[in-house]
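Enquirer: I'll drop the sequence and a predicted model, then ask my questions.
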Protein chains: 2
Amino acid sequence: MSQYEYETDGAEIYRRSFATIRAEAALGDLPPDVAQVAVRMIHACGMTDLVADLGWSEGVVKAARTALQQGAPIFCDAAMVAAGVTRRRLPKDNEVVCTLSDPSVPQRAADLGTTRSAAALDLWVDRLEGSVVAVGNAPTALFRLLELIRDGAPKPAAVLGIPVGFIGAAESKEALAANDLGLEYLVVRGRRGGSAITAAAINAIASEEE
Amino acid sequence: MSQYEYETDGAEIYRRSFATIRAEAALGDLPPDVAQVAVRMIHACGMTDLVADLGWSEGVVKAARTALQQGAPIFCDAAMVAAGVTRRRLPKDNEVVCTLSDPSVPQRAADLGTTRSAAALDLWVDRLEGSVVAVGNAPTALFRLLELIRDGAPKPAAVLGIPVGFIGAAESKEALAANDLGLEYLVVRGRRGGSAITAAAINAIASEEE
């Protein structure tokens, strides 16, 4: 009946997608738990060479997964990241928080002389301890997170730092990867990144199910 | 006060980002209106070489922009695409519709023997005429749109076909680009695509403001 020949079985599409990724991507260069997360990140962007830009701390996947299993909230810098988190994968119906549209944020940004994305982090600080942070859009948010923690804010269990773009993105991710704050981290070095890749990383950490 | 040196002025970050893109991307290969859209698409993914994969019909930007100016709804295959549309850029407070989570969709998908993403299009058909369609995730949704229109469903004013991935994505975009249905289209050929790039295209079409 269809004029086009294509796979319509969702489970089969996933299976074949992940098989293609495992066949093509250099996953052997990664620790097994990072490789499992990388598969979903690659799935979200269509680029198997993303592996070459990954950076991670040894315990990041375990730390983030354990935090989620203990009910930790997920703090996202952008609504698109939050929208991309698949709620049924979350082990404890974890709260997914994005404060960017909070009415207080524009004034906070003006007072601080920074972006709204960075100012929105003020509203995370009280609950940052042991949380999972997912920055998928704004380099300024990632820089500010590092500043806040350096200045004494509580430490998240893990930070996914995957902002995208041309001004500050690469630098913010290098700063996270070079942190001497003891932060567990996962980054995509360079300009690439974004909400889809970031949400995919969260989804992979939340559940090992493919 | 900051331990890190980085730009914190949001307007300046945008200005410098777009300047970098205009300096590095081969925008001269594109019609001016497609180039304006491409700048935002590149901004959303960090990849200036996206230009090489763009495909378009001559009137797509004008058709989509005119439709939005006339109040057309935007139909999105994924919640992340809808979440990425910047509401204040829309000329007529246009409705942004994603029907994927409609309670009827799982049963429709089972009845049709297809994915939920494809089945969700059933709920667009009555309002498809003159609309703007933004497929940023599921190849099956794009294939199904082409099937529905071939079978007599009303025609959107323009179709942004930018699904991502390894199984069917490239093929679905080639099918859209090769359509003989008179559909105005914009595609990113190959595996790349996704919700962020797709929402960025909508945002660029909605307003020429940078």
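Expert: In hand now; what should we look at? Just so you know, these numbers come straight off a predicted model, no measurement behind them.

Enquirer: which regions of chain A lie under the pLDDT threshold?
Expert: A:1-2 (pLDDT under 70).

Enquirer: can you give me the helices in it?
Expert: Under the criterion DSSP state H, helices of chain A are mapped to A:10-24, A:32-45, A:60-69, A:79-84, A:105-112, A:116-119, A:139-150, A:169-177, A:195-206.

Enquirer: Can you tell me which of these is packed in deepest?
Expert: Of the helices of chain A, the one with the most neighbours on average (mean count of other Cβ atoms under 10 Å in any protein chain shown) is helix A:195-206, at a mean of 28. C-beta coordinates here come from the backbone N, C-alpha and C atoms, glycine included.

Enquirer: related to what we said a few turns ago, and the helices of chain A as CSV, adding distance to A:Leu160?
Expert: Listed next are those as CSV, based on distance: least, Cβ to Cβ, whole Å:
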stretch, distance to A:Leu160
helix A:10-24, 19
helix A:32-45, 9
helix A:60-69, 7
helix A:79-84, 9
helix A:105-112, 21
helix A:116-119, 15
helix A:139-150, 10
helix A:169-177, 9
helix A:195-206, 5
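
Enquirer: Can you redo these as a markdown table, where the extra columns are distance to chain B?
Expert: A markdown table is the format used below for the helices of chain A (distance: least, Cβ to the nearest Cβ, whole Å):
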| stretch | distance to chain B |
| --- | --- |
| helix A:10-24 | 4 |
| helix A:32-45 | 6 |
| helix A:60-69 | 20 |
| helix A:79-84 | 4 |
| helix A:105-112 | 8 |
| helix A:116-119 | 7 |
| helix A:139-150 | 5 |
| helix A:169-177 | 6 |
| helix A:195-206 | 5 |
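
Enquirer: Go through those and name the closest to B:Leu54.
Expert: Closest to B:Leu54 of the helices of chain A, according to Cβ to Cβ: helix A:32-45, at 16.9 Å.

Enquirer: Give me the angle between the closest one and helix A:10-24.
Expert: If you take axes from the mean of the first three to the mean of the last three Cα atoms, to 10 degrees, helix A:32-45 sits at 120 degrees to helix A:10-24.

Enquirer: Helix A:32-45 - contacts with which helices or strands?
Expert: On a contact count with 3 or more Cβ pairs under 8 Å, 6 or more residues apart in numbering or on different chains; DSSP states H and E, helix A:32-45 meets helix A:10-24, strand A:54-56, helix A:60-69, strand A:185-188, helix A:195-206.

Enquirer: Just the CA coordinates for the last one, please, in PDB.
Expert: Backbone C-alpha positions of helix A:195-206 (Å, rounded to 0.1, in the frame of the first residue of the first chain) are rendered in PDB as follows:
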ATOM      1  CA  SER A 195      20.000  19.800  23.500                       C
ATOM      2  CA  ALA A 196      19.300  16.600  21.600                       C
ATOM      3  CA  ILE A 197      22.800  15.100  22.400                       C
ATOM      4  CA  THR A 198      22.500  16.200  26.000                       C
ATOM      5  CA  ALA A 199      19.100  14.700  26.500                       C
ATOM      6  CA  ALA A 200      20.200  11.500  24.900                       C
ATOM      7  CA  ALA A 201      23.000  11.300  27.400                       C
ATOM      8  CA  ILE A 202      20.600  11.700  30.300                       C
ATOM      9  CA  ASN A 203      18.300   9.100  28.800                       C
ATOM     10  CA  ALA A 204      21.200   6.600  28.400                       C
ATOM     11  CA  ILE A 205      22.300   7.200  32.000                       C
ATOM     12  CA  ALA A 206      18.800   6.900  33.300                       C
END
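
Enquirer: by how many degrees do it and helix B:32-45 diverge?
Expert: 30 degrees.

Enquirer: quick one, helix A:195-206 and helix A:60-69 angle?
Expert: Per the same axes, to 10 degrees, the angle that helix A:195-206 makes with helix A:60-69 is 70 degrees.

Enquirer: helices or strands next to helix A:195-206 in the packing?
Expert: Using 3+ Cβ pairs under 8 Å, 6+ apart, helix A:195-206 is in contact with helix A:32-45, helix A:60-69, helix A:79-84, strand A:132-135, strand A:158-161, helix B:79-84, helix B:195-206.

Enquirer: Same check on the shortest one?
Expert: Other elements packing on strand A:54-56 under the criterion 3+ Cβ pairs under 8 Å, 6+ apart are helix A:32-45, strand A:185-188.

Enquirer: Mind doing that once more with 10 Å?
Expert: Strand A:54-56 is packed against helix A:32-45, strand A:158-161, helix A:169-177, strand A:185-188, with contacts defined by 3 or more Cβ pairs under 10 Å, 6 or more residues apart in numbering or on different chains; DSSP states H and E.

Enquirer: and if you look at the longest one?
Expert: Helix A:10-24 is packed against helix A:32-45, helix B:116-119, helix B:139-150, with contacts defined by 3+ Cβ pairs under 10 Å, 6+ apart.

Enquirer: make it 7 Å
Expert: For helix A:10-24, the elements it packs on are helix A:32-45, judged by 3 or more Cβ pairs under 7 Å, 6 or more residues apart in numbering or on different chains; DSSP states H and E.

Enquirer: can you redo the helices and strands packed on helix A:32-45 as JSON lines with distance to B:Glu12?
Expert: JSON lines is the format used below for the helices and strands packed on helix A:32-45 (distance: least, Cβ to Cβ, whole Å):
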{"stretch": "helix A:10-24", "distance to B:Glu12": "38"}
{"stretch": "strand A:54-56", "distance to B:Glu12": "27"}
{"stretch": "helix A:60-69", "distance to B:Glu12": "32"}
{"stretch": "strand A:185-188", "distance to B:Glu12": "24"}
{"stretch": "helix A:195-206", "distance to B:Glu12": "22"}
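
Enquirer: who wins for proximity to A:Gly152 among these?
Expert: Nearest of those to A:Gly152, taken as Cβ to Cβ: strand A:185-188 at 19.1 Å.

Enquirer: Thanks a lot, see you next time.
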